[in-house]
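no sequence on hand, only this structure:
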């Protein structure tokens, strides 16, 4: 027997938990959850069954809600201090700082490519900006993840580029952009500056009196020369059917989404937990480690994120040895085998690392893909993930 609306009620409860709860809100949530539990039990009683006889997804929801009704808040669930004077830390000029550094990367590109000292100086300057942002956030008792989106984007971008590997890939991408511009140069009336930044959009273009400024998502850091040619052609000469097709294919690729996920992962993840509402990542890691790595894989930090994602269900961040899975998987519709598959995928990233070929970051090499297909329920896991992606 299926209880209509039960999964929808679960998602609503989970969203409230993710948003953070003050004391009064927690009391109200407990009252609401008790009411849902009582209705489930009443419906079951009318049909002559117990909640344990419900279909597995509904049974999982019922078990979670009964724990919550008893006052057992999931580990890592955020709470909110309503006495704070502001919900977000207040910082000035963070976006301007990002724009300045992006222009420096473009203007000093030849020097940065050839001089290790110049790169170290740039990274030191970026590190100071990061430390300043973190210091101000700490003074205001907030995390960088709580910044307004434009400031948070710059903070995550700076953290990303402090890595020598990421900075090298960034510079190589700018070189490909410059080469693409060189092919279009005879038809250009003004110089073009290209800023590769952490944006909330794919790209932006702005005309000044003697300059065209193009801002492009950092996700294009892994784009090859053909993609950059298509991008520059589209931005500077208008839409082109062939170029648009290449760009559409690239921005839905795993390489593009992997970079965006890595950028966002630099937002503060303190307080996140491996215990979800339905699944426990510690248990998933133990199963995967035993089955596929002979128990030899060193356990990384395991956390659920707090954001619903549409197509990207996990990320491995080597700088902190963290596997972060999307809370989109922490639902009754996602069986443990699917969570294990995503865990396996991210642990393969830990094993294989990132391969850089001609300045391009390749996360999913043929060797990676061959090992990924060794997962026992590979086909079924892919099917479930595609279904979840369509729902979000």
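Great, that's in hand. As the structure is a computational prediction, the values presented were derived from the model and not from experiment.

quick one, phi/psi of residue 193?
Dihedral pair for residue 193: phi -110, psi 130, per degrees, to the nearest 10.

that one is in contact with residue 215, isn't it?
No. Using Cβ atoms under 8 Å, residue 193 and residue 215 do not qualify as a contacting pair, with a distance of 9.2 Å. C-beta: built from backbone N, CA, C; applies to glycine.

which of those two has more neighbours?
residue 215 (20 against 17; other Cβ atoms under 10 Å).

and the more buried one, bridged to which residues?
Applying DSSP bridges to residue 215 gives these bridge partners: residue 195, residue 204.

residues in contact with it?
Neighbour list for residue 215: 102, 195, 197, 199, 203-206 [criterion: Cβ atoms under 8 Å, 6 or more residues apart in numbering].

same check on residue 195?
99, 102-103, 105-106, 213-216.

of the residues you listed, buried ones?
99, 102, 105-106, 213-216 (16 or more other Cβ atoms under 10 Å).

dump those to CSV, plus pLDDT.
Shown next, in CSV, are those (pLDDT from 0 to 100):
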residue, pLDDT
99, 96
102, 97
105, 97
106, 97
213, 94
214, 94
215, 96
216, 96
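
export the residues you listed as JSON lines, with columns for distance to residue 348.
Converted to JSON lines, the buried ones among the contacts of residue 195 look like this (distance: Cβ to Cβ, whole Å):
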{"residue": "99", "distance to residue 348": "37"}
{"residue": "102", "distance to residue 348": "33"}
{"residue": "105", "distance to residue 348": "31"}
{"residue": "106", "distance to residue 348": "35"}
{"residue": "213", "distance to residue 348": "39"}
{"residue": "214", "distance to residue 348": "35"}
{"residue": "215", "distance to residue 348": "33"}
{"residue": "216", "distance to residue 348": "29"}
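
so where's this structure shaky on pLDDT?
The model of the chain has pLDDT under 70 over residues 15, 18-22, 72-88, 90, 185-188, 268-272, 306-311, 357-361, 391-392.

okay, which residue is most central for it?
Of all residues in the chain, the one closest to the mean position by Cα atoms, centre = their mean is residue 261, 2.9 Å from it.

phi, psi of the nearest residue in space to that residue that is not next to it in sequence?
Among residues not flanking residue 261 along the chain, residue 315 sits closest, at 4.2 Å (Cβ to Cβ, 6 or more residues apart in numbering). Backbone torsions of residue 315, given as degrees, to the nearest 10, read phi -160, psi 140.

which stretch of helix or strand covers residue 117?
helix 116-139 (DSSP states H and E).

who's in contact with that helix?
89, 91, 94, 97, 101, 104-105, 108, 111-112, 143-144, 146-147, 151, 155, 158-159, 161-162, 164, 167.

domains of the protein: list them as residue ranges, please.
6-69, 94-264, 269-391 (automatic domain parsing).

next, the residue nearest to the centre of the chain: secondary structure please.
Assigned by DSSP: H, G, I helix; E, B strand; the rest coil, the conformation of residue 261 is helix.

nearest residue to residue 367 other than its sequence neighbours?
residue 352 (6.8 Å).

tell me how many other residues crowd residue 135.
Neighbour number of residue 135 under other Cβ under 10 Å is 10.

now do it against residue 156, distance only.
Going from residue 135 to residue 156 by Cβ to Cβ, to the nearest Å gives 17 Å.

buried residues, the helix holding residue 117. List them.
Buried residues in helix 116-139 (16+ other Cβ under 10 Å): 119, 122-123, 126, 129-130, 133, 136-137.

so the helix or strand following that helix versus helix 116-139, what angle?
The helix or strand immediately downstream of helix 116-139 is helix 149-161, counting by DSSP H and E. Going by axes from the mean of the first three to the mean of the last three Cα atoms, to 10 degrees, helix 149-161 is angled at 140 degrees with respect to helix 116-139.

so which other helices or strands are in contact with helix 149-161?
helix 94-107, helix 116-139, helix 164-184, strand 192-197, helix 254-265 (3 or more Cβ pairs under 8 Å, 6 or more residues apart in numbering; DSSP states H and E).

tell me which of those sits nearest to residue 10.
helix 254-265 (24.9 Å; Cβ to Cβ).

could you give the angle of that closest one to helix 164-184?
130 degrees.

so what's the gap between helix 254-265 and the chain middle?
6 Å (Cα atoms, centre = their mean, to the nearest Å).

elements contacting the helix or strand just after it?
Next in sequence after helix 254-265, counting helices and strands by DSSP H and E, comes helix 281-292. Counting contacts by 3+ Cβ pairs under 8 Å, 6+ apart, helix 281-292 is packed against strand 301-304, strand 322-325, helix 336-352.

and the residue nearest to residue 261, how many neighbours does it have?
24.

could you list every residue that touches it?
Residue 315 neighbours (Cβ under 8 Å, 6+ apart): 258, 261-262, 265, 323-324, 346.

now with 6 Å?
Contact analysis of residue 315 by Cβ atoms under 6 Å, 6 or more residues apart in numbering lists 261, 265, 324.

then residue 109?
Residue 109 touches residue 174, counting by Cβ under 6 Å, 6+ apart.

repeat the analysis, applying 7 Å as the threshold.
Residues near residue 109 by Cβ atoms under 7 Å, 6 or more residues apart in numbering: 171, 174-175, 178.

out of the residues you listed, which is most surrounded?
The contacts of residue 109, ranked by neighbours (other Cβ under 10 Å): first place residue 174, 23 neighbours.

shouldn't that one be in contact with residue 193?
No. Using Cβ atoms under 7 Å as the test, residue 174 is too far from residue 193 to be in contact (10.4 Å).

spit out the residues that contact the two alike.
Listed as contacting both residue 174 and residue 193 by Cβ under 7 Å, 6+ apart are residue 106.

not counting its own residues, what contacts stretch 5-14?
29, 33, 36, 40, 57-58, 61, 277, 332.
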